[in-house]
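Student: Starting from these lines, generate the structure:
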Amino acid sequence: MLEMSCAACAGRVSKVLNNLPGVVSAVVNYAAATVTIQYNPSEISPGSFRETLQEAGYDLLIDVEEAEQAHAVRYRKLKVRTVRAIILSVPVVIIGMFFMEMPYANEIMLLLSMPVVFGLGRGFFVNAWKQLRRRSANMDTLVALSTGIACLFSLFNMLFPEFWLSEDLHPHVYFETAGVIISFILLGRLLEEKAKGNTSSAIKKLTGMQPKTVTVVDDESGVHKTIPVDRVRKGDILLVRPGEQVAVDGVVVEGSSYVDESMLSGEPVPVLKEKNASVFAGTINRKGSFRFRAEKVGSDTMLAQIIRMVEEAQGSRAPVQKMADRVAAVFVPAVIGIAVLSFIAWLLFDPSNGFTYGLLAMVTVLIIACPCALGLATPTAIIAGIGKGAERGILVKDAGSLETARNVDTVVLDKTGTITEGKPVVTDMIWLNDDDRKKEVFRRLEMLSEHPLAEAVVYYFEGNDDSCPPLSFDKFESISGKGVMGIIQEQTYYAGNRRLLEDHHIEVNEQLEEEARLLVRESKTVIWFAQTDKALAVAGVTDKIKDTSIEAIRLLYSQGIEVCMLTGDHESAAREVAEKSGIVHYKANLLPHEKAEYIKRLQSEGKTVAMVGDGINDSAAFAQSDLGIAMGKGSDIAIHVAQMTIISSDLTRIPEAIRLSELTVTTIRQNLFWAFIYNLTGIPVAAGILYPISGFLLNPAIAGAAMALSSVSVVMNSLRLKRKNILSPQARVIRGLWDV
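Tutor: Numbering: from 1, shown residues only. Sure thing, here's the model as predicted:
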């Protein structure tokens, strides 16, 4: 983990590391505060990286726990400094704006602002000094210069007002300006640190899916022994009990059970695992128990591959681009140069009063060039955009996602839980004869069944008439992979798949047979219910498409955005959902890494891809995509990896998120335009360019007011986002809401 103060530092760190002998490449990710280094171990050791960076004014924490603790401590300290700075700055601003005539106003502002600038803001001055020693400049240099000059100049004016009175000038103080700058910048850094802390949480949660210990079975003695998971070797026989997680990848050698593989496939229905079936690390065993032979352990497991892909994709992201930091390296020296040149020019062209007016011009340039408007241009728009999104149920994790969303031209959708509801429901129930008692038998059978689809049948019957007397089975049996059987008063009842009926020679009516064929064509799972030797009913179970999904997909197409569906489900189910929802391009039977590879292929074609999903299996695809959007009802890991979260899991919010991005970026550009125009026009005037023409010399007090006005204009422009309608024009046409 790297400790850096701004995005410009990322380039400096990269340059320092790449210049070391033995380093092949060093790629810095400012947003994640990480660096990926390829090096030759025979020429350099990891310890040298930290020593070199510390000499350059940065730090590198290699140990994960140490890094996490350091981040937590740094965030906590930064939070305290920010709160204290704001508390001390507020009264200074109030006095400076409304109560300058009160007794000891300047002294009170001095006492309140000095701790903010030189105490709580000490880090800016320390970093600025480090940059100066290396003939470099960044945002900290700009902040330290403007606030330091403002404070020292104000202190001089307060102690020696007669210096200016002799020139018929009124001395003014700028303590409130310095305090506000420090408070705003600290607040921005606090929000940035919080965002960085979320980057590693997804990796931690994925890692936590693997159990710490496993039960190993000795082949010869049959003795069970609990060992740490990192001691498992290929070929070991492991026991998995009900409710436990599978520790490594392997093949079942004994027993059977239903295993929840939603983290891999995204499908909600647990999969039956019998002898010779493959099982994967991180998946959850449901009710049965089984033994399996370890085939892939450690970094070779499917779970480890997902973790590695998430890390690599996150690490390959470009750093968050902040305009203020990009221009700081040029802007700061330019401002200092202009200030010094203005002072020298006054000395040369007005020998009698040149020193006084030159000093005034130099200080005015440094005050008017304050980075407040420049620093506020992006964060105020981002805060307003994030707030607007939250009102619509769109949670935005970072500024980069708001910038990226407007460029999206391809949206990739997961199927289960994203386009569909994410849970199986009974959509069809066909009976030969409507008999309430038989329905109750069917319900009771499924209540005792361990099959995951049984819950859907039970839920379907919940609203039925409860007047039937309670039933109890004289005998009940679960038939693995086929269904269940129960006997009541010498009558045998069955619930399960077609193989169960065939094994017990049960007659199927032609009407029910035809209904079952229709259900299969619609990619629905068929559950049969029979008595003794005759089928009585057939049920169709499927994962329903959400009511809003079809409208959302139509909206995306109307905006010229290509839509694809990727799923781990089988071909027929994928085709059925694609056809009903209006999706042209889809891929089925995909594993997590295959989804990520598909997105990578789209990106290689020049497309900007948004991945929308809800499961752990989507994590690698999220990380690879340009923009990850998670469903709010999905897994915590998916939400942490994605940059945006749709709280309601309503896909119609995706076109709104894209529109919100367009509006936010437009506002940022407007803010930056006015911030730069302010500096480009204000700095020459402050230097005295108008004096030879009109005799006008800008007073530092007016410069301070102009600086404050520029900041207010930026904030007010950002707040306009709150009143914007983020429904796209296409959505308004479809919904008939042009008057909104």
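Student: Please, where are all the strands along the stretch 301-450 of the chain?
Tutor: Using DSSP state E, counting those that start in this stretch, the strands of the stretch 301-450 of the chain run over residues 394-396, 410-414, 420-431.
Student: Any idea which of these gets closest to residue 690?
Tutor: strand 394-396 (44.2 Å; CB to CB). C-beta: built from backbone N, CA, C; applies to glycine.
Student: looking just at contacts, which helices and strands does the closest one meet?
Tutor: If contacts are counted by 3 or more CB pairs under 8 Å, 6 or more residues apart in numbering; DSSP states H and E, strand 394-396 sits against helix 372-391, strand 644-646, helix 653-687.
Student: and that strand, which strands flank it?
Tutor: strand 644-646 (antiparallel) (DSSP bridges).
Student: which outside residues touch the partner strand?
Tutor: Applying CB atoms under 8 Å, 6 or more residues apart in numbering, the set of residues contacting strand 644-646 from outside is 389, 393-397, 401, 405, 627-632, 639, 653-654, 657.
Student: So residue 531 sits against residue 495, correct?
Tutor: No. With contact defined as CB atoms under 8 Å, residue 531 does not count as touching residue 495 (10.5 Å).
Student: So if I had to pick from these two, which one is more boxed in?
Tutor: Higher neighbour count among residue 531 and residue 495: residue 495, with 27 against 18, using other CB atoms under 10 Å.
Student: quick check, the more buried one in a strand?
Tutor: Yes. Assigned with DSSP: H, G, I helix; E, B strand; the rest coil, residue 495 falls within a strand.
Student: Let's see the pLDDT reported for it.
Tutor: We have a pLDDT of 93 for residue 495.
Student: Give me the nearest residue to it, chain neighbours excluded.
Tutor: Closest residue in space to residue 495, ignoring its immediate chain neighbours: residue 445 at 4.5 Å, by CB to CB, 6 or more residues apart in numbering.
Student: Deepest-packed of the strands of the stretch 301-450 of the chain, please.
Tutor: Ranked by mean neighbour count, the strands of the stretch 301-450 of the chain are led by strand 410-414 with a mean of 26 (mean count of other CB atoms under 10 Å).
Student: Just the residues contacting that strand, thanks.
Tutor: Contacts to strand 410-414, defined as CB under 8 Å, 6+ apart, come from residues 266, 419, 553, 556, 561-567, 583, 595, 598-599, 602, 607-615, 618, 621, 625, 651, 654.
Student: counting contacts, what elements does the host helix or strand of residue 459 pack onto?
Tutor: According to DSSP states H and E, residue 459 maps onto helix 454-460. If you count contacts as 3+ CB pairs under 8 Å, 6+ apart, helix 454-460 packs onto strand 420-431, helix 436-448, strand 534-545.
Student: hmm, try it at 10 Å
Tutor: When contacts are defined as 3 or more CB pairs under 10 Å, 6 or more residues apart in numbering; DSSP states H and E, helix 454-460 sits against strand 420-431, helix 436-448, strand 491-496, strand 525-531, strand 534-545.
Student: and residue 484, that one's in a strand?
Tutor: Yes. Counting by three-state DSSP, residue 484 is located in a strand.
Student: Overlap of the contact sets of residue 531 and residue 495?
Tutor: The contact sets of residue 531 and residue 495 overlap at 441, 442, 537 (CB atoms under 10 Å, 6 or more residues apart in numbering).
Student: between the residues you listed, which is nearest residue 111?
Tutor: Within those, proximity to residue 111 (CB to CB) peaks at residue 442, which comes in at 80.7 Å.
Student: hey, what's the closest residue to that closest one other than its chain neighbours bridged with?
Tutor: Of all residues not flanking residue 442 in the chain, residue 529 sits nearest, at 4.8 Å (CB to CB, 6+ apart). In this entry, residue 529 is beta-bridged to residue 495, residue 537, by DSSP bridges.
Student: Neighbours of residue 529, how many?
Tutor: A count of neighbours around residue 529, defined by other CB under 10 Å, yields 26.
Student: Dead centre of this protein: give me the residue that sits there.
Tutor: Closest to where the C-alpha atoms of the chain average out (CA atoms, centre = their mean) is residue 643, at 2.7 Å.
Student: contacting residues for the residue nearest to residue 442?
Tutor: Residue 529 neighbours (CB under 10 Å, 6+ apart): 429, 431, 438-439, 441-443, 445-446, 457, 483, 493-496, 501, 512, 535-539.
Student: Low-confidence regions, the stretch 101-250 of the chain specifically.
Tutor: Counting by pLDDT under 70, the low-confidence segments of the stretch 101-250 of the chain come to 138-139, 142, 164-170, 188, 191-207.
Student: mind listing the strands for it?
Tutor: Counting by DSSP E, counting those that start in this stretch, the strands of the stretch 101-250 of the chain are 213-217, 224-228, 237-240, 249-255.
Student: Now tabulate the ones you listed in JSON lines and tack on distance to residue 177 and mean neighbour count.
Tutor: Compiled in JSON lines, these are given as follows (distance: least, CB to CB, whole Å; neighbours: other CB atoms under 10 Å):
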{"stretch": "strand 213-217", "distance to residue 177": "60", "mean neighbour count": "18"}
{"stretch": "strand 224-228", "distance to residue 177": "59", "mean neighbour count": "11"}
{"stretch": "strand 237-240", "distance to residue 177": "65", "mean neighbour count": "21"}
{"stretch": "strand 249-255", "distance to residue 177": "62", "mean neighbour count": "18"}
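Student: Including distance to residue 273, could those strands go into CSV?
Tutor: What follows is the strands of the stretch 101-250 of the chain, written out as CSV (distance: least, CB to CB, whole Å):
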stretch, distance to residue 273
strand 213-217, 17
strand 224-228, 20
strand 237-240, 9
strand 249-255, 5
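Student: Show me the one of these that comes nearest residue 336.
Tutor: That would be strand 224-228 among the strands of the stretch 101-250 of the chain, by CB to CB, at 59.0 Å.
Student: list the contacts for the residue of the chain most remote from its centre?
Tutor: Here the centre of the chain is the reference, and by CA atoms, centre = their mean the most remote residue is residue 352, at 61.6 Å. Counting by CB under 10 Å, 6+ apart, residue 352 touches no other residue.
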